[in-house]
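Colleague: Next comes the sequence, and after it the predicted model I'd like to discuss.
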Amino acid sequence: METIWYRTEELRKRLAQTLQQEALEFTQTHHRKPCLAVVLVGDNPASHVYVASKTKACLDAGLDVLDFKLPATASFQEISSTVETLNKNKVVDGILVQSPLPKGIDEKEIFKKISPEKDVDGFHPVNIGALVMNPKKTIAEGLVPCTPAGILEILKDINFSLNGKNVVVVGRSNIVGRPISIMLSALDATVTVCHSKTNNLAHHTSQADLLVLACGIPNFINDTHIKTGAIVIDVGVNRLENKKIVGDGDSNKLKGKAQLLTAVPGGVGPMTITMLIQNTIRAAKQREQGK
Ligand code: NDP
């Protein structure tokens with residue numbers, strides 16, 4: 001079988017144009033740009049790179065970005081009071097606290113401090129609760145985690161109908177595996193969630209019409225795990241010793257058996273940033289409506 005090697009560049013550009021237009025309309029109506037505040041703690045080089053690319057994408061889309069840099073020695077209290085100040089700041093629509101935070105800081109507790117209406121990462125219990133209780137509405141209008149939201153855009157772009165399909169998600173983290181499994185189930189797929197304690201992983205994955213890989217193990221899933229014609233969305237971003245970035249799927253082995261395989265890099269990753277822009281614009285609009 002000829003495998004489609006799917007890159008998101010075109011989709012990302014199309015969505016970016018739409019979001020740019022939405023941001024412009026917001027700016028013309030409210031005489032201010034949608035505004036994202038980014039909190040970066042410490043000097044993790046990868047975090048600096050991520051924040052730089054998020055900032056550039058937001059500025060390109062016509063958003064304002066405010067940077068708040070704290071030293072690696074910042075205490076829980078200091079980070080938390082930065083977030084609380086931003087919660088009260090009237091011009092800030094979205095707050096992003098770049099993960100990972102330095103060792104010893106309870107990230108989940110910091111995320112909880114972000115006001116739910118400014119939670120553009122979609123990690124706050126209120127937003128996760130909305131996703132569980134009212135999934136379709138929350139997917140359409142709410143603040144949902146960015147990577148899963150990006151996966152749904154990919155599925156729309158390839159015209160994959162979820163209704164009645166068998167989907168297997170490998171991974172159950174709070175940022176990818178768990179929220180995407182909730183979303184896909186709400187959109188009428190039959191979803192199986194696999195994790196590190198799953199027995200006989202291949203037994204489950206080989207039933208999948210659609211396989212979402214989010215376990216963070218380089219080249220882990222191969223042709224013995226999938227059925228012919230499966231669609232494989234590879235969320236994994238794993239850096240090998242030789243600096244090469246690979247996914248959770250072994251693309252060389254999946255090629256020829258999968259119908260479609262998302263590229264790593266250049267697949268899910270760029271969609272995550274696009275969805276951050278979407279969430280910031282959504283948050284800005286909802287804050288203006290709530291005034
Ligand atoms: P986590 O480490 O938080 O979670 C990994 C999950 O994989 C866990 O649920 C774990 O199970 C499961 N797992 C571990 N080993 C196995 C195994 N042998 N078989 C089946 N499942 C297993 O990772 P994240 O969700 O944060 O990230 C996953 C990958 O996605 C990473 O490569 C990360 O870099 C990438 N990523 C990419 C993003 C993007 O924008 N493209 C955004 C976010 C992440 P258990 O719960 O039992 O421990």
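Modeller: Yep, it's here.
Colleague: Close to the ligand: what parts of the chain are there?
Modeller: 147, 170-173, 175-177, 194-198, 201, 214-217, 235-238, 268-269, 272 (CB under 6 Å from any ligand atom). Backbone N, C-alpha and C define where each C-beta goes, glycine included.
Colleague: Next step: the residues you listed restricted to helices.
Modeller: Within the residues of the chain next to the ligand, residues falling in helices by DSSP state H are T147, G177, L201, V268, G269, T272.
Colleague: What number of residues are in the vicinity of G256?
Modeller: 11 (other CB atoms under 10 Å).
Colleague: circling back: and the residues of the chain next to the ligand, which of them are buried?
Modeller: Buried members of the residues of the chain next to the ligand, scored by 16 or more other CB atoms under 10 Å, are 147, 170-173, 175-177, 194, 201, 214-216, 235-238, 268-269, 272.
Colleague: returning to that earlier point: list the ones among the residues of the chain next to the ligand that fall in strands.
Modeller: Using DSSP state E, V170, C194, N238 are the members of the residues of the chain next to the ligand that sit in strands.
Colleague: For A57, state which of these is nearest.
Modeller: A57 lies nearest to N238 out of these, by CB to CB, at 22.6 Å.
Colleague: looking at it, the closest one is touching C215, isn't it?
Modeller: No. Contact criterion CB atoms under 8 Å: N238 and C215 do not qualify, at 9.8 Å.
Colleague: Give the residues shared as contacts by those two.
Modeller: D248 (CB atoms under 8 Å, 6 or more residues apart in numbering).
Colleague: Where do the strands of the stretch 1-150 of the chain begin and end?
Modeller: 4-6, 35-41, 64-70, 94-97 (DSSP state E, counting those that start in this stretch).
Colleague: most tightly surrounded among those?
Modeller: strand 94-97 (a mean of 27; mean count of other CB atoms under 10 Å).
Colleague: What lies in contact with it?
Modeller: Contacts for strand 94-97 (CB under 8 Å, 6+ apart): 34-39, 41, 54, 79, 83, 86-87, 107, 110-111, 114-115, 118-121, 276, 279-280, 283-284.
Colleague: Keep only those of those that are in helices.
Modeller: Per DSSP H, the contacts of strand 94-97 map to helices at 54, 79, 83, 86-87, 107, 110-111, 276, 279-280, 283-284.
Colleague: Can you tell me which of those are buried?
Modeller: K54, I79, V83, L86, N87, I110, F111, L276, N279, T280, A283, A284.
Colleague: right, and the first one touches V38 too?
Modeller: Spelled out, it's K54. Yes. Using CB under 8 Å, K54 is in contact with V38, at 6.8 Å.
Colleague: sorry, back to before: now for the ones in helices among the residues of the chain next to the ligand, which pair is the farthest apart?
Modeller: Across these, the longest distance by CB to CB is 25.2 Å; it joins L201 and T272.
Colleague: which residue packs closest to the closest residue to the ligand within the stretch 1-150 of the chain, ignoring adjacent ones?
Modeller: Closest approach of the stretch 1-150 of the chain to the ligand (CB to the nearest ligand atom) occurs at T147, with a separation of 4.2 Å. Closest residue to T147 in three dimensions, ignoring its sequence neighbours and counting by CB to CB, 6 or more residues apart in numbering: T272, at 4.7 Å.
Colleague: can you check L96 too?
Modeller: V38 (5.0 Å).
Colleague: residues in contact with that neighbour?
Modeller: Here V38 is in contact with V51, K54, T55, V65, L66, D67, F68, L96, Q98 (criterion: CB under 8 Å, 6+ apart).
Colleague: what do you get if the cut-off is 7 Å, keeping everything else the same?
Modeller: V51, K54, T55, V65, D67, F68, L96, Q98 (CB atoms under 7 Å, 6 or more residues apart in numbering).
Colleague: And L131, by the same measure?
Modeller: The contact partners of L131, taken as CB under 7 Å, 6+ apart, are T138, V144, P179, I182.
Colleague: Great, nothing more from me.
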